[in-house]
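> no FASTA, just this:
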Ligand code: GLV
Ligand code: MG
């Protein structure tokens with residue numbers, strides 16, 4: 001039997017990008033309702049500002065009030081001259097206040113293994129609990145897509161795979177400059193369906209969260225809502241946000257609905273009743289056939305609802321006697 005490891009329990013509905021070079025944004029982000037903040041040392045920071053940004057990010061982690069948020073830092077890609085110092089300085093000086101490192105442009109397992117080993121050395125040297133700092137791997141080019149299964153298996157520190165639409169669009173030559181939106185002229189449906197599903201399957205096979213990247217048109221709330229709803233329906237756990245005005249829309253898109261949560265709990269109760277009291281694997285619930293597969297699906301929806309603090313509003317009433325059309329064997 002294949003056992004799928006449980007998902008990390010950190011909520012990541014909205015993951016806010018905060019440029020590490022902006023003290024104003026670093027301060028403002030602390031009061032916002034994003035589930036995760038990632039303080040960016042990569043593409044939002046100009047090459048000449050990298051060193052100052054590192055210092056600002058370390059200070060913000062140490063001095064800031066990030067209560068209730070996942071605290072992450074996006075370092076520069078493993079192939080760059082900044083990456084090793086990003087990890088060493090941030091993890092040594094602010095490792096106790098850091099939950100995860102976002103590693104961009106992951107093109108294969110060695111990138112992740114390098115980061116895992118380096119973090120392990122720093123944890124030993126600093127006396128930090130081993131393995132506490134997680135890794136989120138950005139899959140954002142053709143190489144990363146092709147190697148995504150091996151990347152997902154590369155380290156026990158991995159918590160999430162993150163789709164990066166901007167770099168991905170550039171990597172495969174997509175003819176659009178609208179980051180995260182559908183490219184004009186594409187007639188095949190959702191142009192991102194393949195990479196999104198590819199990442200999702202690799203993530204789930206290894207018990208990781210799957211996070212969608214940014215939607216760059218900040219004032220286009222309905223476009224953002226549609227993009228977030230689409231990946232949420234597919235199974236994604238969250239999405240990046242680039243601006244405070246995007247947080248609420250994205251949190252709402254990934255929050256479990258009350259009706260779905262109630263239904264999930266009913267299915268679980270019904271499956272329990274039929275498999276134990278009635279000794280049957282399949283049964284009807286409100287006109288719908290349910291069985292072991294329904295139970296597994298319901299477990300996922302119920303877990304999401306419970307994690308979001310929802311309370312059920314319906315109770316399961318075991319039917320008396322036999323159900324119409326489904327005689328007991
Ligand atoms: C994010 O990093 C992206 O490339 O979309
Ligand atoms: Mg990118």
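Sure, I can see it. Keep in mind it's a predicted model, so treat the numbers as computed, not measured. Ligands and ions are numbered 1, 2, ... in the order given.
> from here on, contacts and neighbour counts on C-alpha atoms
Noted.
> Now the phi/psi pair for the residue nearest the centre of the chain, please.
Closest to where the C-alpha atoms of the chain average out (Cα atoms, centre = their mean) is residue 211, at 3.3 Å. Phi and psi for residue 211, reported as degrees, to the nearest 10, are phi -120, psi 130.
> So it versus residue 20, what's the distance?
21 Å (Cα to Cα, to the nearest Å).
> which stretches of the stretch 201-329 of the chain form strands?
If you assign secondary structure with DSSP state E, counting those that start in this stretch, the strands in the stretch 201-329 of the chain sit at 209-212, 238-241, 283-285, 288-290.
> Take the ones you listed and lay them out in CSV including distance to ligand 1 and mean pLDDT.
As requested, the strands of the stretch 201-329 of the chain are arranged in CSV below (distance: least, Cα to the nearest ligand atom, whole Å; pLDDT from 0 to 100):
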stretch, distance to ligand 1, mean pLDDT
strand 209-212, 9, 98
strand 238-241, 9, 98
strand 283-285, 43, 89
strand 288-290, 39, 93
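> possible to save the ones you listed as CSV with distance to residue 38?
Putting the strands of the stretch 201-329 of the chain into CSV (distance: least, Cα to Cα, whole Å) gives the following:
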stretch, distance to residue 38
strand 209-212, 13
strand 238-241, 9
strand 283-285, 44
strand 288-290, 41
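> circling back to that earlier point, bridging residues for the residue nearest to the centre of the chain?
residue 162, residue 238 (DSSP bridges).
> For it, give me its contacts.
Residues in contact with residue 211 (Cα atoms under 8 Å, 6 or more residues apart in numbering) are 12, 160-163, 236-240.
> And residue 50, by the same measure?
By Cα under 8 Å, 6+ apart, the contact list for residue 50 reads 21, 41, 82.
> I'd like to know how far it sits from residue 84.
Counting by Cα to Cα, the gap between residue 50 and residue 84 amounts to 13 Å.
> Any chance you could list what contacts the helix or strand containing residue 18?
Per DSSP states H and E: residue 18 is located in strand 14-19. If you take Cα under 8 Å, 6+ apart as the criterion, strand 14-19 is touched by 25-26, 29, 34-41, 44-45, 238-244, 247, 250-251.
> Kindly recompute the last result at 7 Å.
For strand 14-19, contacts defined as Cα atoms under 7 Å, 6 or more residues apart in numbering pick out 25-26, 34-40, 44-45, 238-242, 247, 250-251.
> Following the chain onward from it, which element is next?
As assigned by DSSP H and E, the chain's next helix or strand after strand 14-19 is helix 23-28.
> Just the mean pLDDT for that next one, thanks.
Taken as a whole, helix 23-28 carries a mean pLDDT of 97.
> do the same with stretch 47-65
Averaging pLDDT residue by residue across stretch 47-65 gives 98.
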